[in-house]
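Participant: let me see the structure of the following:
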Amino acid sequence: MSEMSRFADNYTDLSVESGLNAGFQFEFSCEVCGDAYRTEFVPYRGARASGWLNRASGLLGGVLDKVTDAADTLAESGWGKAHDAAFSEAVEQAKKHFHRCPRCRQYVCDQCWNRDAGLCVSCAPSAEIEIEAARAAGAVYAAGEKAALEGIREGKQMDVKRRRQLVCPECGAETKGGKFCPECGAKLGSKAFCTECGTEPSPGTKFCPSVAQSSRRSCAALPRYFRIGRHPYVR
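Facilitator: Purely as a prediction, here's the structure:
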């Protein structure tokens, strides 16, 4: 019984306890790949007989109620013993379709069994498969390295000095650095900064008040310091 319990820790009970479809069926899974083997369905005749009596009683207006109650009780009392017997038989069926690895103690299907090594593929992977997997991994690594170098080359050619408006001021959508909003079509512009001190202007301002104050000259006499484009302190 202990051997059966060790084998049967990866099963699903598909049995039906009552009704016309009552019977026993179990599904056992490979502990490596998860593929399943389903045992043959074994009818539970006690519950089926009770189901037929219940149907007949319904057709006869409940005349057989006492008989059906007795049949239900009998079927329920015999369910446990019949279920254990069916489960033991199902385990014996399933063992023919699985192998127990002596190293990890797991039960695996034929596809996950290394016959030459007498171990599961988790404990004794196929050398040929591992070679091809390593080859593929190496190709991916080399391609990634090559792609990174290509990205560096392309990045060096990009204009990183131009400031980009990443959020549309009209609708709030992400612009991804484009010249027009992809959602509302609004034209996007770069922010303006003072060419002397880098101050960002307030709306409607044409001259930098900070530079005008430090130079003690009137704003009208100063050149137009605000320019659209690169921030003077961004190198």
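Participant: which secondary element of this structure has the worst mean pLDDT?
Facilitator: Every helix and strand of the chain was ranked by mean pLDDT, DSSP states H and E. The lowest is strand 226-228, at a mean of 42.
Participant: and the residue lying closest to Leu14 once chain neighbours are set aside, how far is that from Lys81?
Facilitator: Residue nearest to Leu14 in three dimensions, not counting chain neighbours: Gln25, with 4.3 Å by C-beta to C-beta, 6 or more residues apart in numbering. Any C-beta I mention is one placed from the backbone N, CA and C, and that applies to glycine too. Using C-beta to C-beta, to the nearest Å, we find Gln25 at a distance of 17 Å from Lys81.
Participant: can you check Cys171 too?
Facilitator: In terms of C-beta to C-beta, Cys171 sits 72 Å off from Lys81.
Participant: do the same with Gly118
Facilitator: For Gly118, the distance to Lys81 - C-beta to C-beta - is 38 Å.
Participant: low-confidence ranges, this structure, go.
Facilitator: Along the chain, segments meeting pLDDT under 70 span 1-8, 46-77, 162, 189-235.
Participant: Leu14 and Asp84, how far apart?
Facilitator: In terms of C-beta to C-beta, Leu14 sits 16 Å off from Asp84.
Participant: quick one, helices of the chain?
Facilitator: 2-7, 45-59, 65-95, 127-156, 209-215 (DSSP state H).
Participant: hang on, isn't Lys179 packed against Gly185?
Facilitator: No - in this structure, Lys179 is not within contact of Gly185 by C-beta atoms under 8 Å, at 10.8 Å.
Participant: okay, and the common contacts of those two?
Facilitator: Here Lys179 and Gly185 have no joint contacts, going by C-beta atoms under 8 Å, 6 or more residues apart in numbering.
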